[in-house]
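[1] Build the 3D model from these lines:
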Amino acid sequence: MQEVAADKSDLRFSILASGSSGNCTYIETGQKRFIVDAGLSGKKIEQLFQQINRDIRQVDAIFVTHEHKDHIHGVGVLSRRYNLPIYANHKTWQAMEKMLGHIAPENKQYIEPDTMLEMGDLDIVSYNVSHDAAQPQFYAFQKGKKQFVMLTDTGYVSDRLRSQLKDADAYLIESNHEVELLRYGAYPWSVKQRILSDKGHLSNEDGALAIRDLIGNKTKNVYLGHLSRDNNTKELAMDKMEEILQQYDIDTGSDITLHMTDPDQATNIQWI
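    Sure thing, here's the model as predicted:
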């Protein structure tokens, strides 16, 4: 397969898959290549790597956000197949280890919340989110002054995170559901309560309001992710994001570019 090398000055990424059926994100620099979560089958993730013209055998490690199946389904398989280290916090390891199958001891690695891990030319910053998992955390990837922030699977975005993660070059933000579709949809009331709670998922409006507070002069690209198959559409998510940002005089045609993610189609490699 033709391989496209990363320029040493670049931070690049692709949202390989995002949604309630599975999540996986790819990050690369001139020295390192990682994936965050592997919530699809190993075969499907290999196919997604082909879509972006990258070789999965060159990946250096997997970072896990939390133990839900749509984030770890393929983690154990990929670790065994490609001898990949897996990074997660202690509580997440306790919750997911039996679901992964045998993992080589040297591939069981730790990154705790609110820490920074230096790996080659990349700094990985971890931070807590509010979700119904053991200890969910997401990551910001920093190379020099460039930063890509991931923020999904959370019931709300705290003031602390809004300050800590402000003015990144690019964001992946959750746009999980349209509230009215969820309220009047077929889900049991207990599931609706979970999704709408502070430990659930961001609605289209919640995600847009968070991005309104997060973006700064550096921000050029925003990706809408983790859309529900049953309680959202791409059109509703994009319309709400554009509506709220335009209310605050943020021009989505020139100031920033909005991108939609997909559960089956990788986004193009983005340079920042």
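[2] C-alpha only now, for contacts and for neighbours.
    Will do.
[3] count of neighbours near S18?
    29 (other Cα atoms under 10 Å).
[4] Likewise for V157?
    The burial count assigned to V157 is 19, neighbours taken as other Cα under 10 Å.
[5] would I15 count as being in a helix?
    No. Applying DSSP: H, G, I helix; E, B strand; the rest coil, one finds I15 to be strand, outside a helix.
[6] residues contacting it?
    C24, T25, Y26, T261, A266, T267 (Cα atoms under 8 Å, 6 or more residues apart in numbering).
[7] and of the residues you listed, the nearest to L40?
    Within these, distances to L40 taken as Cα to Cα reach their minimum at C24, with 7.7 Å.
[8] thought that closest one was touching D37?
    Yes. In this structure, C24 is within contact of D37 by Cα atoms under 8 Å, at 5.0 Å.
[9] what sits in contact with each of the two?
    Any residue near both C24 and D37 by Cα under 8 Å, 6+ apart counts here, and that gives H71.
[10] circling back: please tabulate the contacts of I15 in CSV, including the columns neighbour count and distance to S158.
    Formatted as CSV, the entries for those read as follows, by neighbours: other Cα atoms under 10 Å; distance: Cα to Cα, whole Å:
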residue, neighbour count, distance to S158
C24, 27, 24
T25, 23, 23
Y26, 24, 26
T261, 21, 24
A266, 23, 29
T267, 21, 28
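[11] among the residues you listed, which are in helices?
    In helices, judged by DSSP state H, none of the contacts of I15 are found.
[12] Which of the residues you listed sits closest to A133?
    Nearest to A133 out of those is C24 (Cα to Cα; 17.8 Å).
[13] Just grab the bridge partners of the closest one for me.
    Each beta-bridge partner of C24 is listed here, defined by DSSP bridges: A17.
[14] In the protein, which residue is most central in space?
    By Cα atoms, centre = their mean, the chain has its centre lying nearest to M150, at 4.6 Å.
[15] quick one: E174 and D153 touch, right?
    Yes. The pair E174 and D153 qualifies as a contact (Cα under 8 Å) at a distance of 6.9 Å.
[16] joint contacts of the two?
    H201, L202, H226.
[17] nearest to V77, of those?
    The closest of the shared contacts of E174 and D153 to V77 turns out to be H226 (Cα to Cα; 22.7 Å).
[18] List the residues that contact the spatially closest residue to that closest one that is not a sequence neighbour.
    Using Cα to Cα, 6 or more residues apart in numbering and skipping the chain neighbours, the partner closest in space to H226 is G19 (3.8 Å). If you count contacts by Cα under 8 Å, 6+ apart, G19 has them with G225, H226, L227, S228, R229, D262, P263.
[19] Out of these, which sit inside helices?
    Filtering the contacts of G19 for helices - DSSP H - leaves nothing at all.
[20] L182 is in contact with K192, correct?
    Yes. In terms of Cα under 8 Å, K192 counts as a neighbour of L182; the distance is 6.7 Å.
[21] Specify which residue of those two has the higher count of neighbours.
    Taking K192 and L182 together and counting by other Cα under 10 Å, L182 has the greater number of neighbours (21 against 17).
[22] Spit out the contact partners of the nearest residue to that one once chain neighbours are set aside.
    Leaving out its chain neighbours, the residue that sits closest to L182 by Cα to Cα, 6+ apart is N231, at 5.1 Å. N231 makes contact with N176, H177, E178, V179, L181, L182, G185, according to Cα under 8 Å, 6+ apart.
[23] Now do the same for the fourth one: its pLDDT.
    Meaning V179. At V179, the model reports a pLDDT of 98.
[24] Over to the one 10 residues further on?
    At W189, the model reports a pLDDT of 97.
[25] Please list all residues in contact with the nearest residue to A210 once chain neighbours are set aside.
    Spatial nearest neighbour of A210, excluding adjacent residues (Cα to Cα, 6+ apart): V157 at 6.7 Å. When the contact criterion is Cα under 8 Å, 6+ apart, the partners of V157 are V129, S130, A210.
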